[in-house]
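**Q** Let's see this in three dimensions:
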Amino acid sequence: MSISSVCLTRSGIARGARQLAPLAVFVIPFGMAYGIAAVESGMSSVQAITASFLMFSGAAQFTALDLWGSEMSLVALFLVTLAVSARHVIMGAALSPWVNQLDTKRQILSAIFLSDPNFAHTHTALKHDERDIGVLVGSGAIGWAAWVLGTAIGAVGGAQLGDPSVYGIDVLMPVYFAALIVPGIVSSPRWLFAAVAALVAVVTQPIVPTGWNIILAAIAGGLIGLLTYDE
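**A** Residues are numbered from 1 along each chain as shown. A predicted model of the protein is given here:
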């Protein structure tokens, strides 16, 4: 596959922020849920907000709450965070044909705000001839801002805000990803890789520690791809 040259511009950043802004609104309730859970787990409001400001990893942050406390093991915390966040290696590899054309500073800027929603959005856009990596940065930055804002509201407002999931907002992200990714999978020979990976993820989820089912799914999908690859 031949990939034309890419760039990173301010207009691309602004465009990416606008494109993902509607979805970013729905990130706020998830941030609120984390802020509430973090304070209930013993974090101060400042600690919860700082964690979201610096980490921007909802899955890892929620998982870390299970280990938070006086008996917390830093080694265990590191391993759990590594497992949950390992999918970023795969996302980075998928974006590498475009991102690696930039200089080091722009590569780092592109990776800072990498998350599941803006990866799905940007990877699809790049495959459809988008050539401005600013779309990745802008869409990630708007998601990060919404996550931090939601955390602040939840951490300061407390449990009286209620459970955001009762409004059905927790369904939006999976539906968004399905709408974005499934059409491209079913119309290509790679549907088998995705099907195997999805099956492994579901089957192993209740068996292995949090996050490792995603790693096993990625390995399984990759092995099927390797075994069936035909130039």
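**Q** Buried residues in the biggest helix by length in the chain, which are they?
**A** Criterion DSSP state H: the longest helix present in the chain is helix 134-157. Going by neighbour count (16 or more other CB atoms under 10 Å), the buried part of helix 134-157 is 134-155. C-betas here are computed from N, CA, C, even on glycine.
**Q** What mean pLDDT does it get?
**A** Helix 134-157 comes out with an average pLDDT of 93.
**Q** ok, now stretch 39-52?
**A** Here the average pLDDT along stretch 39-52 is 91.
**Q** Output that stretch in PDB with nothing but the alpha carbons.
**A** In PDB, the C-alpha atoms belonging to stretch 39-52 read as follows (Å, rounded to 0.1, in the frame of the first residue of the first chain):
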ATOM      1  CA  VAL A  39     -13.000  10.100  45.800                       C
ATOM      2  CA  GLU A  40     -15.000   7.100  47.300                       C
ATOM      3  CA  SER A  41     -11.800   5.000  47.000                       C
ATOM      4  CA  GLY A  42      -9.900   7.500  49.200                       C
ATOM      5  CA  MET A  43      -8.400   9.900  46.700                       C
ATOM      6  CA  SER A  44      -8.700  13.600  47.200                       C
ATOM      7  CA  SER A  45     -10.400  15.700  44.600                       C
ATOM      8  CA  VAL A  46      -7.000  17.100  43.600                       C
ATOM      9  CA  GLN A  47      -5.500  13.700  43.200                       C
ATOM     10  CA  ALA A  48      -8.400  12.400  41.100                       C
ATOM     11  CA  ILE A  49      -8.200  15.400  38.700                       C
ATOM     12  CA  THR A  50      -4.400  15.300  38.500                       C
ATOM     13  CA  ALA A  51      -4.600  11.600  37.600                       C
ATOM     14  CA  SER A  52      -7.000  12.400  34.700                       C
END
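**Q** List of residues touching it?
**A** Stretch 39-52 is contacted by residues 31, 34-35, 38, 61, 65, 68-69, 147-148, 151-152, 154-156, 158-159 when judged by CB atoms under 8 Å, 6 or more residues apart in numbering.
**Q** Work out the gap between it and the centre of the chain.
**A** 21 Å (CA atoms, centre = their mean, to the nearest Å).
**Q** Next, count neighbours for residue 96.
**A** 11 (other CB atoms under 10 Å).
**Q** again with residue 27
**A** Using other CB under 10 Å: residue 27 sits among 25 other residues.
**Q** Could you do residue 76 as well?
**A** Residue 76 has 13 nearby residues by other CB under 10 Å.
**Q** That one: which element?
**A** helix 74-85 (DSSP states H and E).
**Q** list the buried ones in stretch 83-100?
**A** So for stretch 83-100, counting by 16+ other CB under 10 Å, buried means 83-85, 87-88, 90-92, 95, 98-99.
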